[in-house]
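**Student:** here is the input, now give the coordinates:
(chains A and B, ligands or ions: 3)
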Amino acid sequence: MKKTRPDLSIRIGLLRLQNPVLTASGTFGYGQEYAGLLDLNRLGGIIVKGLSLNPRPGNMPPRTVETPCGLLNAIGLQNVGVENFIADKLPFLRNLSVPVIVNILGQDIKEYRKLAERLSNVEGIAALEVNISCPNVKKGGVVFGTDYKAAARVARAVRAATRLPIIIKLSPNVTDVVSIARAVEEAGADSISLINTLTGMAIDVEARRPKLHNVTGGLSGPAIKPIALRMVWQVAGAVNIPVIGCGGIMTAADALEFLIAGASAVQVGTANFVNPKATMEIISGIEEYLVRHNLKDIKSLVGSLIL
Amino acid sequence: MDQSTATVLENRFAAPGVYRLRIEAPALARAARPGQFLMLRVGQTLDPLLRRPFSIHAVHGSMTVDILYRVVGKGTNMLTTLRSGEGLDIVGPLGCGFSWREESPSLLVAGGMGIAPLFFLAQIIAQNGAGDKTSALIGARNKTELLCAEELRTMGLQVEVVTEDGSAGKRGLVTDLITNRVAASRPVIYSCGPYPMLHAVASLAMQYGLSCQVSLESFMACGLGACLGCVAEMRSGDLVRVCKEGPVFDAYEVAWK
Ligand SMILES: Cc1cc2nc3c(=O)[nH]c(=O)nc-3n(C[C@H](O)[C@H](O)[C@H](O)COP(=O)(O)OP(=O)(O)OC[C@H]3O[C@@H](n4cnc5c(N)ncnc54)[C@H](O)[C@@H]3O)c2cc1C
Ligand SMILES: Cc1cc2nc3c(=O)[nH]c(=O)nc-3n(C[C@H](O)[C@H](O)[C@H](O)COP(=O)(O)O)c2cc1C
Ligand code: FES
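**Tutor:** Ligands and ions are numbered 1, 2, ... in the order given. Predicted coordinates:
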């Protein structure tokens, strides 16, 4: 008897993904950087490096340092700016058959709104991910993500400015992630992604200096997975919109943990640096798992944690 | 550029704390250009997590590639345990290497492990019959840490050596030799080594109005231009990716500090 393959597709609001594996913003460039190494059209979707209205130079180097099972970065949201993105990067992305999700960051609410409006008026963008959680910039970013009222204001402004599905990306650098999640859901978010990086630091003891020029940076990679998983589980249990899990996912087993915890999809970040083919292996691994457990689709797995 | 598993042919002691890793990697051997680098996965562990960047040291025929590495920490320590026959996960070749200017004599200036990528450049120059128009200045801390000088001589290059303790060649720094060399001919300088040395080489090159290419180092997380972590500051004020726009830069473009 021929078995039908399990259905890996999933809906995130109006956004339909052929499988639940996305690339995390800032870890996959604008897609093209990885074109020679894997088949981009097999991805569930590509989330590009965070964009601001104007190009940003980012922080001074050193910007990255490795820590046990993790990476600290203080890139400071270097990016080409929205107009250069549309002119230079989007044409390549448009030629792909997978949804392109643009991650945006503003210094104030007006900037978030302008970005959302501008990006709604061009072809080839499937959704916006609103970054209110970058720990490496002084203005914008995390200031919006750590206060539930400010987070809701950003979500409402973006909601009013676009018909594209919006995903609000939350920060783990808070005491009560659930209240922020609820606030952005109420403000009209279609989905929530979490987590962004955790603020951390590393010191060169010989020089007694911080290893990063910015002193502190955002921690990503396997070291943060248990925290990310806990937050995804808490938030998925508290909101009615789909949650996208992210943080330290290296393998299919890691991704499955997030799906079982309640995430409808996952983002793979730092793993792309370690193993450029990580997303491909994760997609096949999830499929194998569904076959092995006789599950016909991803939906039957999402939030299936047994307590 | 590709991600593939190469087979280790040998992993041999070259000098105290320095090993030469030879791998069988035909696609890489064909595609590699001097000054380019590879990202090696030193083990399947999560600590160290990231790949490590290494220059392509030499290419033999169309099959094998050498890496010359110094043991400095966790990742390079793990590399020493690789045995012949084992597989090694490699992404590469990456970055923009040296652009050899055939029409001018060449001056290779290496400090310490800086000889790693310059040796491959010397191979290409020698294969093109320009070995006799090429000089190499090699600096090391002492005689035992001196690398590749004899091999370069065999390839027909004029080689001069300096050591910090005077145990081989002249005593001093590699930059001490540049002034003599540039007086007669007006070579193009290709250099790799510690940052202060590169800075000094660049200053001399500018002083004499010579073309100069330098290979910079930076902490690299992805090596692919995706993370924006490895940037260096240029005179234009731009922060550019060492892994993508470099690692080899025109010395005149770098904002030396
Ligand atoms: C483009 C490029 C080409 C390189 N080519 C060679 C080569 O051919 N041969 C060679 O021996 N080395 C080369 N290096 C340096 C090499 O990548 C590092 O020595 C290596 O990554 C250290 O790894 P580790 O895990 O052993 O050290 P870690 O345990 O990570 O660190 C130990 C010490 O090494 C230093 N270190 C770590 N990473 C780097 C780095 N990227 N650059 C300089 N110092 C570092 C740290 O400051 C620390 O003090 C190259 C680096 C770059 C960026
Ligand atoms: C180098 C780097 C750059 C990042 N840039 C962004 C960014 O521009 N916007 C954003 O929302 N998140 C950014 N992130 C956070 C990641 O998208 C992700 O949330 C985080 O790394 C945790 O996932 P991981 O452990 O799988 O990497 C960045 C992360 C890294 C490591
Ligand atoms: S190492 Fe990631 S951009 Fe250069």
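
**Student:** and the gap between the residue lying closest to residue A:85 once chain neighbours are set aside and residue A:102?
**Tutor:** Closest residue to residue A:85 apart from its sequence neighbours, by CB to CB, 6 or more residues apart in numbering or on different chains: residue A:51 at 5.5 Å. Placement of C-beta: from N, CA and C, glycine included. As judged by CB to CB, to the nearest Å, residue A:51 and residue A:102 stand 6 Å apart.

**Student:** also residue B:5?
**Tutor:** Taking CB to CB, one finds residue B:5 at 35 Å from residue A:102.

**Student:** so what sits against both of residue A:51 and residue A:102?
**Tutor:** residue A:85 (CB atoms under 8 Å, 6 or more residues apart in numbering or on different chains).

**Student:** what does the helix or strand hosting residue B:196 contact?
**Tutor:** Per DSSP states H and E, residue B:196 falls inside helix B:195-208. Helix B:195-208 is contacted by residues B:109, B:111, B:114, B:139, B:173-175, B:178-179, B:182, B:186, B:189, B:191-193, B:211-212, B:214, B:216-217, B:251-252, B:254, B:256-257 when judged by CB under 8 Å, 6+ apart.

**Student:** show me what the top strand by length along chain A is packed against.
**Tutor:** For chain A, the longest strand by residue count, based on DSSP state E, is strand A:45-51. Counting contacts by 3 or more CB pairs under 8 Å, 6 or more residues apart in numbering or on different chains; DSSP states H and E, strand A:45-51 packs against strand A:21-23, strand A:100-104.

**Student:** mean neighbour count and distance to chain B added to those, as a markdown table?
**Tutor:** Converted to a markdown table, the helices and strands packed on strand A:45-51 look like this (neighbours: other CB atoms under 10 Å in any protein chain shown; distance: least, CB to the nearest CB, whole Å):
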| stretch | mean neighbour count | distance to chain B |
| --- | --- | --- |
| strand A:21-23 | 27 | 9 |
| strand A:100-104 | 26 | 14 |
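
**Student:** with just CA atoms, put stretch A:249-262 into PDB.
**Tutor:** Taking Å, rounded to 0.1, in the frame of the first residue of the first chain, the C-alpha atoms of stretch A:249-262 are listed here in PDB:
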ATOM      1  CA  ILE A 249      16.900  25.400  16.900                       C
ATOM      2  CA  MET A 250      19.700  23.300  15.300                       C
ATOM      3  CA  THR A 251      18.000  20.000  14.400                       C
ATOM      4  CA  ALA A 252      14.600  18.600  13.600                       C
ATOM      5  CA  ALA A 253      14.300  17.300  17.200                       C
ATOM      6  CA  ASP A 254      14.700  20.900  18.400                       C
ATOM      7  CA  ALA A 255      12.100  22.100  16.000                       C
ATOM      8  CA  LEU A 256       9.700  19.400  17.000                       C
ATOM      9  CA  GLU A 257      10.000  20.500  20.700                       C
ATOM     10  CA  PHE A 258       8.700  23.900  19.700                       C
ATOM     11  CA  LEU A 259       5.900  22.500  17.600                       C
ATOM     12  CA  ILE A 260       4.800  20.200  20.400                       C
ATOM     13  CA  ALA A 261       5.000  23.200  22.800                       C
ATOM     14  CA  GLY A 262       2.500  25.000  20.700                       C
END
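
**Student:** what about that stretch, average pLDDT?
**Tutor:** For stretch A:249-262, mean pLDDT rounds to 98.

**Student:** what comes up buried for it?
**Tutor:** Buried positions in stretch A:249-262, judged by neighbour count with 16 or more other CB atoms under 10 Å in any protein chain shown: A:249-252, A:254-262.

**Student:** in TSV: those, plus secondary structure and distance to residue A:229.
**Tutor:** As requested, the buried residues of stretch A:249-262 are exported to TSV (DSSP: H, G, I helix; E, B strand; the rest coil; distance: CB to CB, whole Å):
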residue	secondary structure	distance to residue A:229
A:249	coil	10
A:250	coil	13
A:251	coil	14
A:252	helix	15
A:254	helix	9
A:255	helix	11
A:256	helix	11
A:257	helix	6
A:258	helix	6
A:259	helix	11
A:260	helix	9
A:261	helix	6
A:262	coil	10
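
**Student:** let me know the closest of those residues to ligand 3.
**Tutor:** residue A:250 (17.7 Å; CB to the nearest ligand atom).
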